[in-house]
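>>> generate a structure from the sequence data that follows.
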Amino acid sequence: MSAVSASETGWRTWAARASGWLLGGVLLLAAVAKVYEPGAFVGQIRLEGLDFLLPAVLVALLALALETGLGLALLLGVHHRLVLASAALLSLFFLGLTGRNYWLVSQGLRDPDESCGCFGSLIERTPAEAFWQDLLLLVPPLLVLLWLRWGKRLPLGRWRIGIAAAAALLVMVGTALSPALHFSEAAEAIASSEFDRAFRVSESFQLEVDGRLDADGRVLESEGEAGVLVLSPALPGPALVDPREGLVRLLRQQQVLSAEDGSVLADAPDAEGDALEFAIVQGAIQFELGGRTFRLVSK
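Residues are numbered from 1 along each chain as shown. Predicted structure coming up:
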């Protein structure tokens, strides 16, 4: 009887450990995917309406800390009831979100491209795949853990909880300081403005300063309505040429953001900001500033 009992105990222990590792690994992978694209995660929180009490960025940071902490705790073998209950609630919450998104997409009430699921774009999945895969990845190991461990008086494992908490805090702070998060936030704010402010390198114009080609200058054209953004060390700041009004508006440096793909996002200019008129001279857009002559000439 003792041999059978020991064998059964060993089987239960290893089954619980394997389930904890699987569930913890899934939660950590989900956290890594969100850290990889924090802006997309913040957008998903807004889409789901989860920012009704706290700002979406803060909700995202807290969720990342929770996922990281619980995932690492489970990987380290912490099966205390507090950890299991938290993991169960988080798993059910994820399943509720993916299930709701699956239903909305199936009913034609949501664009399938608007949802990234639990793993962001690190793992491309359709809404249906996201729901069924999450169901299979989260529920079985969770049920095994609850069945084998819930009634046990297990220690909390303070040093392991300390490691998990420290990792959660590092992920939270690191993501909060991530340039990608701030760029995504600024880009979303710009994209939500009435005027399209996305610019790419112009294939039509180049910049001349005082009759000479400005090798350090950049000319970019709007992807939306007509507009040309001029960046040059010879200018006091970025200059937005608006052909609709016949004006050149000067922007502050913080109103312009450069993306990794070479494009530039520019915030809407202040209505009462510095502006000057331009003229069309010999087929070129010409304006003067600070005693210097700037010309946008055809390539």
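
>>> so where do the strands sit in the stretch 1-150 of the chain?
In the stretch 1-150 of the chain, no strands are defined using DSSP state E, counting those that start in this stretch.

>>> shaky segments in it?
Within the stretch 1-150 of the chain, the stretches with pLDDT under 70 are 1-9, 111, 113-122.

>>> who's in contact with the spatially closest residue to residue 99 that is not a sequence neighbour?
Spatially, and ignoring its direct neighbours in sequence, residue 99 is nearest to residue 131 (5.3 Å; Cβ to Cβ, 6 or more residues apart in numbering). Quick note: C-beta positions are derived from backbone N, CA and C, even for glycine. Counting by Cβ atoms under 8 Å, 6 or more residues apart in numbering, residue 131 makes contact with 95, 98, 99, 101, 102.

>>> and if we set it to 10 Å?
94-95, 97-103, 105, 117-118, 125 (Cβ atoms under 10 Å, 6 or more residues apart in numbering).

>>> and the gap between it and residue 40?
Look at residue 131 and residue 40: by Cβ to Cβ, to the nearest Å, they are 19 Å apart.

>>> correct me, but residue 175 touches residue 38?
Yes: contact criterion Cβ atoms under 10 Å: residue 175 and residue 38 qualify, at 5.3 Å.

>>> name the residue in the two with the higher neighbour count.
Higher neighbour count among residue 175 and residue 38: residue 38, with 24 against 21, using other Cβ atoms under 10 Å.

>>> hmm, back to that, any of the contacts of residue 131 buried? List them.
Neighbour-count burial (16 or more other Cβ atoms under 10 Å) applied to the contacts of residue 131 gives 94, 95, 97, 98, 99, 101, 102, 105, 117, 118, 125.

>>> and those residues, which two are furthest apart?
Longest distance between any two of the buried ones among the contacts of residue 131 is 16.5 Å, between 94 and 105; criterion Cβ to Cβ.

>>> intersection of neighbour lists for residue 175 and residue 38?
Counting by Cβ under 10 Å, 6+ apart, the contacts common to residue 175 and residue 38 are 57, 60, 61, 64, 181.

>>> out of these, who's the most crowded?
residue 60 (28 neighbours).

>>> which strands and helices lie in contact with whatever helix or strand residue 171 lives in?
Secondary structure assigned from DSSP states H and E places residue 171 in helix 158-176. Counting contacts by 3 or more Cβ pairs under 10 Å, 6 or more residues apart in numbering; DSSP states H and E, helix 158-176 is packed against helix 2-36, helix 38-47, helix 56-75, helix 81-106, helix 179-191.
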